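In: Need a 3D model of the sequence below.
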Amino acid sequence: MTWLYQIPILLFSVILHEYAHGWMAERKGDDTARVMGRLTFNPLAHIDPVGSVLLPLIAALTGGPLIGWAKPVPVNPYRLNDPTRDMMWVGAAGPVSNLLLAVVCSFALFFLKFAGIEDKLIYSFLGYAVVINVLLPVFNMVPVPPLDGSRVLSGLLPSRIAYEYMKIEPYGIFIIFILISSGFFWRLIMPAVYAIVGLLVGWHTMII
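Out: Prediction:
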């Protein structure tokens, strides 16, 4: 029944992810998310029926990797100071926020161990928070539109190629579901997830 606290961790993490997108967009000139009431941590403003409820429940009940998403915050690229460059920053902000949360939880685990506090529930909660907040950014940085990795990649490509590349966005969600259902998606990203989680948790043993 660990999914009873894994799902709340996931929900907070995806909300943080979307908040970071909106926050960065505002820093770069576009306040659309704030105007539309989406620059908030209120779950009701972010919950997506499929990505925030159905997919996490299916993953929890079937034992698959716990993954999901919140309702994307609205971003108007034409209001950004430099649409091409700034969309890269907006796209990267979500994954970076999750990685920072994973680092914070990793340090919390370290201080608990250092203080000699042994509470299995807290350890499990923080451990899952590390894993989920590594899994989310690695998942989102896969360069399949509309995932965040496509925003970063399109900003690095020549404008003509980027334009053609982003034409696949209407079909991106179907591509992602095919990759996930085939198992290829997990074989692609899980080595990176294991490596990063190992790095965040493993340094404890080198110090204590």
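In: so what's the most centrally placed residue in the chain closest to, chain neighbours aside?
Out: Closest residue to the average C-alpha location of the chain: L136 at 3.5 Å, with C-alpha atoms, centre = their mean. Of all residues not flanking L136 in the chain, N98 sits nearest, at 4.6 Å (C-beta to C-beta, 6 or more residues apart in numbering). In short, each C-beta sits where N, CA and C put it, glycine included.
In: Can you name every helix or strand that the lengthiest helix in the chain contacts?
Out: With secondary structure taken from DSSP state H, the chain has its longest helix at helix 83-114. In terms of contacts (3 or more C-beta pairs under 8 Å, 6 or more residues apart in numbering; DSSP states H and E), helix 83-114 is packed against helix 3-27, helix 120-140, helix 148-156, helix 184-207.
In: Give the buried residues for it.
Out: Applying a neighbour-count criterion of 16 or more other C-beta atoms under 10 Å, one finds 83, 86-99, 101-102, 105-106, 108-110, 112 buried in helix 83-114.
In: Could you list the low-pLDDT ranges of this structure?
Out: 1, 3, 62-64, 204-208 (pLDDT under 70).
In: so how many other residues sit close to A195?
Out: Neighbour count of A195, defined by other C-beta atoms under 10 Å: 13.
In: now the helices and strands packed on helix 83-114 in a markdown table, with distance to A45?
Out: Shown next, in a markdown table, are those (distance: least, C-beta to C-beta, whole Å):
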| stretch | distance to A45 |
| --- | --- |
| helix 3-27 | 8 |
| helix 120-140 | 19 |
| helix 148-156 | 20 |
| helix 184-207 | 28 |
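In: quick one: which of these is nearest G172?
Out: Closest to G172 of the helices and strands packed on helix 83-114 is helix 148-156 (C-beta to C-beta; 7.4 Å).
In: which of the residues in the helix or strand following that closest one are buried?
Out: As assigned by DSSP states H and E, the chain's next helix or strand after helix 148-156 is helix 159-165. Buried residues in helix 159-165, counted by 16+ other C-beta under 10 Å: A162.
In: Just the CA atoms of helix 159-165, as CSV, please.
Out: Backbone C-alpha positions of helix 159-165 (Å, rounded to 0.1, in the frame of the first residue of the first chain) are rendered in CSV as follows:
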residue,chain,number,x,y,z
SER,A,159,14.6,27.5,-37.1
ARG,A,160,13.6,25.7,-40.3
ILE,A,161,14.4,22.2,-38.9
ALA,A,162,12.8,23.1,-35.5
TYR,A,163,9.6,24.1,-37.3
GLU,A,164,9.4,20.8,-39.1
TYR,A,165,10.3,18.9,-36.0
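In: Going along the chain from it, find the next helix or strand for me.
Out: helix 169-182.
In: So which bits of that next one are buried?
Out: Quick answer for helix 169-182 (16+ other C-beta under 10 Å): 175-176, 179-180.
In: again, but for stretch 186-198
Out: Neighbour count says stretch 186-198 has 186, 189, 193, 196-197 buried, by 16+ other C-beta under 10 Å.
In: same thing with stretch 112-128?
Out: Result for stretch 112-128 [16+ other C-beta under 10 Å]: buried residues 112, 125-126, 128.
In: helix/strand/coil for P56?
Out: helix (DSSP: H, G, I helix; E, B strand; the rest coil).
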